[in-house]
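>>> Sequence first, predicted model second:
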Amino acid sequence: MLLDKVTFREECKKKLTKSSKISKLYKDKMIEKKLRLLLSKLPCKNILLYIPIGFEADITSFTKAMRKKCHIFVPFMEGVSFKIVKYRLPLKEKRFSIKEPAVSFLKHKKVDVAVVPVLGVGKDNKRVGFGKGMYDRFFENLDCKPITIFVQIEKCFNKKVATDTFDIQSDFYITPEKIYITRGKRYDNRSIHCRRRSYSGRTYRRRYPKKIGSVKI
């Protein structure tokens, strides 16, 4: 029997509120370490990151370091969704206690990789967020889907959670303990695995890392 998202979302929130603030500092560093490892193996010049709030994994140090190597973009809220703007200081606090850079009207190239915070992960390795639907709407309007990495400070995964067709699916899922790969593919030193995915009538080939020390979901 499938579990509904509302119930699962509340379970994940309770798990996060019970999480130690002291251990979170350690877990933040472990997530940043795994992000550096994974992105060093992926082809990426334009990366969508997020500005952390509340119990989300704090990747601030990672963001600042990656600015020297790649073009970093972050969400800028517009109505019920968001657009991407280049990450730059200073940041200003907006709705839902979310911090954002100043607005930009420049149109940017597609992002190669998107790092997305999650509250939980349900059936088909799809994202369960806080219920605002902003990421779902943003991804729905993309012609070319980026490699998508979920990050979570406390693992909250249940394959019996019902998900919707519009929910974002991960390619990778990072917790402080492990890097998980969607569809059960384990990568090693012997070969580079590829996957074909079709969007808007076009096929894109993704090259994934030779080795990231991960296990399947």
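Okay, I see it.

>>> And the helix or strand containing Phe138, what does it pack against?
Per DSSP states H and E: Phe138 is located in helix 134-140. If contacts are counted by 3 or more C-beta pairs under 8 Å, 6 or more residues apart in numbering; DSSP states H and E, helix 134-140 sits against strand 71-78, strand 81-86. For every residue, glycine as well, the C-beta is placed using N, CA and C.

>>> Quick one: those as JSON lines, columns for distance to Thr17 and mean neighbour count too.
Output for the helices and strands packed on helix 134-140, formatted as JSON lines (distance: least, C-beta to C-beta, whole Å; neighbours: other C-beta atoms under 10 Å):
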{"stretch": "strand 71-78", "distance to Thr17": "24", "mean neighbour count": "18"}
{"stretch": "strand 81-86", "distance to Thr17": "26", "mean neighbour count": "18"}
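
>>> Out of these, which gets the lowest mean score?
Lowest mean pLDDT of the helices and strands packed on helix 134-140: strand 81-86, a mean of 78.

>>> Tell me which strands it pairs with, and in which orientation.
strand 71-78 (antiparallel) (DSSP bridges).

>>> Would you mind extracting the C-alpha trace of the strand it pairs with into PDB?
This file holds the C-alpha atoms of strand 71-78, laid out as PDB (Å, rounded to 0.1, in the frame of the first residue of the first chain):
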ATOM      1  CA  HIS A  71      29.200  29.700 -13.400                       C
ATOM      2  CA  ILE A  72      26.900  29.400 -10.300                       C
ATOM      3  CA  PHE A  73      23.200  30.200 -10.500                       C
ATOM      4  CA  VAL A  74      20.600  30.200  -7.700                       C
ATOM      5  CA  PRO A  75      16.800  30.400  -7.700                       C
ATOM      6  CA  PHE A  76      15.100  33.800  -7.800                       C
ATOM      7  CA  MET A  77      11.400  33.600  -6.900                       C
ATOM      8  CA  GLU A  78       8.800  34.800  -9.400                       C
END
